[in-house]
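Participant: With the input below, show me the fold.
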Amino acid sequence: LVSRSETRRNLISQYENVLNMVPTGGMSHKLCLVAAGQAGATFTRFPRNEWDVAAGIVILQEAGGVMTRLDGSPLLFNQESPEIVGMAATNGMCHEDFLALVNSV
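Facilitator: Numbering: from 1, shown residues only. Model (predicted):
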């Protein structure tokens, strides 16, 4: 799953031949769809505020999913800036492979 606005603005067009992208609104909504098994993964290279992802991350993690920065490091909250740049979430079974694929483009 990918951002509708990023898709509309052609910000992630370089992934079209690599990933089966489904534009979907709302980062927490995408995280819940991954948690429910309705999608395998989602990512963004662009800033999101921590309050836009916090609830979705809890739901994802409770379902066995994983969300990290694109470099694989954990997300940190309550930092000086509330923006988190570059995140990927998966069902947990393919996280390293998905990160490698996203970062290879």
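Participant: partner residues bridging Pro47?
Facilitator: Note on Pro47: beta-bridge partners by DSSP bridges are Val85.
Participant: in what helix or strand does Leu19 lie?
Facilitator: Under the assignment given by DSSP states H and E, Leu19 is not contained in any helix or strand.
Participant: ok, how many other residues are close to it?
Facilitator: 17 (other C-beta atoms under 10 Å). Every residue, glycine included, has its C-beta placed from N, CA and C.
Participant: And for Pro74?
Facilitator: Pro74 has 9 neighbouring residues, counting by other C-beta under 10 Å.
Participant: do Thr90 as well
Facilitator: Around Thr90 there are 22 residues (other C-beta under 10 Å).
Participant: same deal with the one 4 residues further on?
Facilitator: Summarising burial for Cys94: neighbours were counted as other C-beta under 10 Å, giving 14.
Participant: mind listing what it touches?
Facilitator: When contacts are counted by C-beta atoms under 8 Å, 6 or more residues apart in numbering, Cys94 touches 40-41.
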